[in-house]
Each structure stands twice: as C-alpha cells, then as structure tokens.
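K.L.:
coordinates only, sequence not included:
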Ligand SMILES: Nc1ncnc2c1ncn2[C@@H]1O[C@H](COP(=O)(O)OP(=O)(O)OP(=O)(O)O)[C@@H](O)[C@H]1O
C-alpha cells in the first residue's frame, strides 16, 4: 500500500474514530473560551440589565449550537470521506460504468441463448405478478357485489399465481446457471491475464490481494447480470406496466405517483455513486486484510519462532477495524437511502389516497378504481424502490469491478511474446552496456552499464557482495525483465528482446535461489514446463541421478509419484530437485542462482560432480551465482560485481593476483581473516594466507597457533636462504621488493628485512601502506622489531609450528601502542618480546611465501621472471 495513501487513510480514520454522527456537535463543556466570550458579548448587548443566570444559559446554548453548526456540518461531510488503501489505484486509470458493462456483456455473450431463456421466464413471471392485484381487486369487488364473475376471476388469479411461481423458479434457475458460467469465465480470463503479466507487476502486488480479486470481486461482478440486473429489469417491467395501468385509471393520480418516484430515482442516483465508491474501498480494505491473513498464516513458523502471534493478530485486527469504518459509512448511507425510499413510497400512497378519496367523493372515481389504484401505487413504488436498490448494488459491483476490469485490460508482458529463433543456439549470451532498474525502484540502478559475455560451453561465476546485482543478471538472462538500456545478444546475432519467448525458454534451465515446487508428483515437478515435449521416465530419472536426487526420491513412500507438499522435502532436496528439473530440459544455458546454498558439503560435492558431468561435453553454457566462493574456484571465468557494475573478471588465480574485491572476499570468506592481515601472502595458497594472517595477528598480540595449522606441510618448501632472490620471482604488481637483497615480499620484508642494506623504514612503510592499508602499522611494528632476525630459516615444519606458536604467545608480550614511537618504531629496547614474535612470524611468512611449487602453480608470470633471473 502506498505510504501516502495509508497515512491519509489512517489520519482520516483517526479523525473519524469519534466521528459518529451523534458527536458532530461537540459538548459545550469542551469550549470554555467560547462560552466566556458569548457571556461577555451578551452582557454588553444587554447594557446594565444583565440577564439572569437561567436566561443566560439558554442564550448561550442557542448561540453555541448556532456557532457550532458550520463546524458540525463540516465534520459530518468529512465523516463520509474515506480513502482507499489500494496500492495501485493511482497507477491504474479508473474504470467507468461503460467499460464494466461492456466487459459484462462480453462475458455474457457466449450464453445469450441461456440469457434469453432466463429473460423470457422473467417476463412471464413479471407479467403474471403484475396482473395479480388487478384480478385480486376484481375478485373482491365481484364477490362483494355477489357476481358469479368472482369464480372466473379467482380461476384466472390462481392461474396467474401458478404461472408466476413457475416462471420465477425457472428464471432463478437459469440466471443462477448463467451466473456460475460467467464467474467461471471471468475467473479464467482474469487468472490467464494475471499469469501473463510482467514480473514487475508481481513485485508490487500481494498474492492475498490478487486472490481476493479472483474470488470476491469476480463474484460481485458477475452477480450484476445474474442477480442485480435480473431483479432490476423485472421490477422495471413491473413499474412501467404499473404506471401504464395507473395512467389508464387516472392520469392525475398517475402524475403524482410518477413525480414521487422521480424523487426516489434522484435519491438513488446520489446514493448509487456513494455506494459504488464505498464498495470499492471496502473491497480494497478487504483485500489488504486478506493479504495480511495469508501472509501470517503462510509464515506461521516464522511467527511462532519470533513469538509475534499477538503482533500479527493486532495487524489483522487493525485492517478489520478499517473495514468496520467503511462498513459503518455504508450502513449509515444505506439507512439514509432506505429512509428516503420508504418515505417516498408512503408519501405517494398518502398523496394518492388523499387525491383519490376526493375524486371518489366528487364522483370522478369509483371505489373499485381507487382500491385498484392504491394497490398499483404500492406495486409501482415498491418496484421502483427495488429497481433503485438493484441499481445501487450494480453501482457497488461496478466499484468492485473496476480493478478487475483494469487488470483484464492490462497488456501481456513483452517477455512472453513470440519472436525470432536461432536455427542452432550455441549458448553464448552477451550483455552490451546493460543497465537496469526495477520498475518498483526506478531510481536504484541494479545494473549500471554492464558488459560481459557468457561464452558457450564455459562455466562463468558471478560473485560479489550482497546486493551487487548478481541475481538481477540472472533475472535478465531468464528474461524475467528486459534491460532498461543496452542489449543482450544470443550468439552475437539475436537480440534477446526479439527472441521467441517459448523457444528461448526451451534453451534455458534455471535453478533459483529458493526453488519453489508445485503440489504435484516428484516426476511432474521434474518434467514441469515440458508438456509439449514430455520427457520419458528414464529421462526424468537420469536427470534426478545427475542432480544427486535419485536416492532420496526412491526413499520416499511412492518414489517419483510422491506428491510434493510444503513440508515434504528439505532445502537441499528441493534444490537438487530443482537442478533435476533444469537438467532434464537439456538446456543450452544453465543458470544456477546460489544453487548450493542449502546443500551440505557431501551433497555439494556430489552435485559438483553432477555438474561437471553435465558440462563435460562442453556444449552447455553455465552461469553460477555463488556466495560460497569454494564453489566457483574452478569456473572458467569469475565475474566480480559490486554496486551493479562489473569490477573484475578472470580465473580464480588471476583475480587473487589482482588483490581486488575477489581477493578480499576470499580472505574473509574462505579463510575468515581480514584481507589486510593476509596481504603479505605471496600466492593463493590457503596456508600462506593463514600464515600471513597469523603473523599479523601474532604481532599485534593475538594468539594464533600457526604451526599447528601448517607447520609440517610447509617444511619442505622453506628455503634454506631466506635472503635469496625470491622477491625477484614475485609478481611485481603484487609483491614489492623492499631491499636490495629482495628476500621476501614487501609484507614479509616488513617483518624481517628492515636491517638489510639499502632498505629504509620509510620504504617499507610506503610499500606497506600502498598495498596493505590499515594493517600497515601493526605489521610494521612487528617487522621493525624483527630486524635482522630470521636469517636462518632452515627450519623444518615442526620448528615452524612451534615458532608460530611462540610468535603467537610472545606477541602478547609487546604491543605497538606501548613500544613504538610516532613513526611506528619500537621506542624502547624493552620491546624484545614483540620483536621476537615478529621475527618468528616473519619467518613463518617468509617460509610459506617462498614455496616455489606454489609460485610455479599460481604465478606463471612470476615463474617466468624467476627462470629468467
Ligand atoms: N524485485 C526487486 N525490486 C526492486 N529492487 C530490487 C529487486 N530485487 C533486487 N532489487 C535491488 O537491486 C539491487 C541488486 O539486487 P540483486 O538481488 O541483484 O543483488 P545480489 O547481488 O543478487 O544480492 P544477493 O547476493 O543478496 O542475492 C539491490 O539494490 C536490490 O535492493
């Protein structure tokens, strides 16, 4: 619901809570200042002869009431004003009576024969009913005159009553059938129209709201023809017939009756427009309350977990209160209308009686004619009242129908349109300068000038922080939305917006973030959407096996025929089923949005095997979104997104080398360390990163048992001579050599090489700060303390382990804050423990950083340089 509208609504309601008609005139006791001024003015007017106290009270009361009248009138007028909470009422143009009736007619058109049959029964019943007062009067007067014609009239009367009964019954039956058929047709049409709406429409609509349109509004709309129009036309026929009869009896009396009926009609028109508006608001509020109920009931587990039963009940009740406010106004309006109607009805009778009696007395009318007249006046006025009543109901139904008609008239989403196809689709999708903002948040650029290619047969991974636009790219690939600007090309030739939607959907398989399954059998869920090309049971099972789902499916009571219910499957099982559903289509483009988030390590590994198998033919483009970076390490290309833009692109190792967003994500997520602390790592190996982190943490006083983590593993990779030329072998972009000996990376050098010739502390600081940011100071503190240390790193794994531990322990003894001067250097010689820890940490880092196998594996460029050297 639009906030503004909601607020308006609430404000109004707040204003009307005390605003029942009885309270429009505020009690005088609430207006002391006013009373005082009246008293003074009255006294002045009376001069010296001041009125007595009771007189003054009466005057004050009268003036009070008069003064309050305008405000009371305004309050009364305001009380009727109430706003609809409908979210989309501003976006959808209001629908008038004409389009609604036209729509109703189109719904009714296929059933015209049934409508004609029902109408003939209606006419028959009406004529018979119309004749009943006539023959009743005739019978009475024939009997009173002792005429034998009485029997004849009575027989005719009996016949008319019987025909009326039969006609009314058949009329009711036919109209009821017509109503059911129209409701079915309307609901089908509305459902189909909703199903074809663009995805953005559903972003802004509550499901409860839509189902309310399908149920209540559709019923109210079709009732117009089958019930309201039926009753209105019937009564109209009777009213017109009655008026003609009255005219024949006495034109002056007929004139009086018609005049009073005209007043009735005028009142009805006013009330009709009010009723229409109120009913629309009522339907909107009802829809809101339904959506609250549906949301709460469908999220019952969340509600229970958070213990918000009371909160949700209050939320629902607040909507019911608003419903009550609308209902109160409807009831008050109806009461006024009925009062006016009945007064008009009886007024016409009294007037007819007064004039008619005068005419009888003057001999211008017989008693029989007057009796007949009075009976028909009643007949005509009640028929008029019924017509008016039905007219107001028709107006109400029009109010309820406006949104239905508006929804029916909405054009289908362009994303489901027919279009061009490719004879063979290789699976390549290219985004060219694509920007996109969701229609519900046009100011927020979810994608901003994205250009990238998903090459055929390759696995491309999209990574990035939450909200960076990964799912949006998936949404565009699925063509749930179209780009706001830019192009998406299939195989560099066909614009996705021109592609045939049905064809494209056969080319793409999707495993969404939160797979939703239908309440059908497992097999039907896997084969979902393939009605035109139904897969065999073997195909379904093969896909299930590939998705590692076969085993758990077979363990279900009825295997593939088990009905999927809400609580049947775990999150991981749902995802594997969704993967099977995607694989069975043998898509050219497979999009996996966080597909492994609900899988345990074992299942994930198996699904990876399945995916590898599915990709082995290299005839399928796979796009994977993953928060768990471990799942995308081996992607052919990893695209790193941030704030709707592509920031980095490359393989795992290339991206780690760039020390950019991906590097930071890996540090934080895979190793749980601050990237700044890990920046000394010289390659992509986890041990190295951990070692660097351990060193930094140890140097700043943390307790990290690095050795225990990787001591033995690193034993063989430690160089005998730490002051060797390892730095030369390092990629200059990432590892700055800090001195002539170039023993280690800049980070490592900051720990161990400050004492080496040619290096200055400023050099190191510079290197550190340019590369490492916030961690520089800590590292420098440790490094400085470690000056000259670690030259002999003929350490073995066990030693490294214990040294790492020592570093951690000893690091706690000295901190930068206590021991360093303003330049970050140790201020006192007493920082020995800190220095020692830094030395040890430095050795650990250096040892790990100099693993040549790793360099060979991970830094091809650096390796080349090393061999060159
Ligand atoms: N249906 C939507 N309507 C409006 N804005 C949306 C919608 N879906 C996403 N957004 C916005 O678009 C931006 C990108 O969201 P997106 O879901 O693509 O990010 P993401 O990288 O996939 O995040 P996550 O990893 O958390 O799933 C965010 O600012 C988000 O708030």
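P.N.:
Ah, there it is. Being a predicted model, the structure only gives us computed values, none of them experimental.
K.L.:
Backbone torsions only: list them for the nearest residue to residue 619 once chain neighbours are set aside.
P.N.:
For residue 619, ignoring the flanking residues on the chain, the nearest one in space by C-beta to C-beta, 6 or more residues apart in numbering is residue 457 at 5.9 Å. C-betas here are computed from N, CA, C, even on glycine. Here is the backbone geometry of residue 457 (degrees, to the nearest 10): phi 70, psi 10.
K.L.:
Distance of residue 457 relative to residue 589?
P.N.:
11 Å (C-beta to C-beta, to the nearest Å).
K.L.:
so how far is residue 620 from the residue nearest to residue 619?
P.N.:
In terms of C-beta to C-beta, residue 457 sits 7 Å off from residue 620.
K.L.:
which one of residue 457 and residue 589 has more residues nearby?
P.N.:
With neighbours defined as other C-beta atoms under 10 Å, residue 457 and residue 589 compare such that residue 589 has more, 23 against 16.
K.L.:
which phi and psi does the residue in the stretch 201-350 of the chain positioned nearest to the ligand have?
P.N.:
The minimum distance from the stretch 201-350 of the chain to the ligand, using C-beta to the nearest ligand atom, falls at residue 203 (4.4 Å). When read as degrees, to the nearest 10, the backbone of residue 203 gives phi -60, psi -30.
K.L.:
Tell me if I'm right that the residue nearest to residue 619 and residue 590 touch.
P.N.:
No: taking contacts as C-beta atoms under 8 Å, residue 457 lies outside contact range of residue 590: 11.1 Å.
K.L.:
Please report how far residue 214 lies from residue 491.
P.N.:
41 Å.
K.L.:
re earlier: give me the common contacts of residue 457 and residue 620.
P.N.:
The overlap between the contact sets of residue 457 and residue 620 (C-beta atoms under 8 Å, 6 or more residues apart in numbering) consists of residue 427.
K.L.:
What is the three-state secondary structure of the nearest residue to residue 333 once chain neighbours are set aside?
P.N.:
Spatial nearest neighbour of residue 333, excluding adjacent residues (C-beta to C-beta, 6+ apart): residue 274 at 5.3 Å. Secondary structure, DSSP: H, G, I helix; E, B strand; the rest coil: residue 274 is helix.
K.L.:
swap in the one 5 residues further on?
P.N.:
Counting by three-state DSSP, the backbone at residue 279 sits in helix.
K.L.:
So residue 385 versus residue 265, what's the distance?
P.N.:
Counting by C-beta to C-beta, the separation of residue 385 from residue 265 is 10 Å.
K.L.:
Of these two, which one has the most company?
P.N.:
Legend: neighbour count by other C-beta under 10 Å for residue 385 and residue 265, higher for residue 385 (21 against 15).
K.L.:
Count the neighbours of the nearest residue to that one once chain neighbours are set aside for me.
P.N.:
Of all residues not flanking residue 385 in the chain, residue 341 sits nearest, at 4.9 Å (C-beta to C-beta, 6+ apart). By other C-beta under 10 Å, 22 other residues sit near residue 341.
K.L.:
three-state assignment of the nearest residue to residue 620 once chain neighbours are set aside?
P.N.:
Leaving aside its chain neighbours, residue 620 sits nearest to residue 590 (5.7 Å; criterion: C-beta to C-beta, 6+ apart). Classification of residue 590 using three-state DSSP returns strand.
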